[in-house]
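[1] coords please:
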Amino acid sequence: MTQLILEMPESAFAALHQAPSEFAQEMRIAAAIKWYELGRFSQGRAAEIAGLTRAGFIDALSRYRVTPFQYTGVDLAEELHDAD
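    Numbers count the residues shown, from 1 in each chain. Predicted coordinates:
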């Protein structure tokens with residue numbers, strides 16, 4: 001696994017009331033969720049990036065109010081139309 005080093009102001013940890021290790025984990029989760037939301041990663045890959053199981057990642061999506069479904073309304077309408 002590759003390790004990244006980021007410089008962060010101390011105030012970032014204080015604002016979230018988190019230790020640096022907790023903050024780093026939360027950053028991984030937030031980044032993975034955003035990339036998933038943008039359609040850049042599948043749920044499985046995003047869960048791996050976040051350091052979570054797929055079920056844990058789905059729970060995190062709920063906490064961030066991001067849908068676990070990557071279908072748009074248009075996609076769903078097409079699927080339903082094709083099923084007829």
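[2] And the longest helix seen in the chain, what does it pack against?
    Looking across the chain with DSSP state H, the single longest helix is helix 20-37. Under the contact definition 3 or more Cβ pairs under 8 Å, 6 or more residues apart in numbering; DSSP states H and E, helix 20-37 sits against helix 10-16, helix 43-50, helix 54-63. C-beta: built from backbone N, CA, C; applies to glycine.
[3] Excluding chain neighbours, what is closest to the residue most central in space within the chain?
    Centroid check for the chain by Cα atoms, centre = their mean gives residue 33 as the closest residue, at 1.5 Å. Distance criterion Cβ to Cβ, 6 or more residues apart in numbering; nearest residue to residue 33, sequence neighbours excluded, is residue 64 at 5.1 Å.
[4] okay, now that neighbour: neighbour count?
    Using other Cβ atoms under 10 Å, residue 64 has 13 neighbouring residues.
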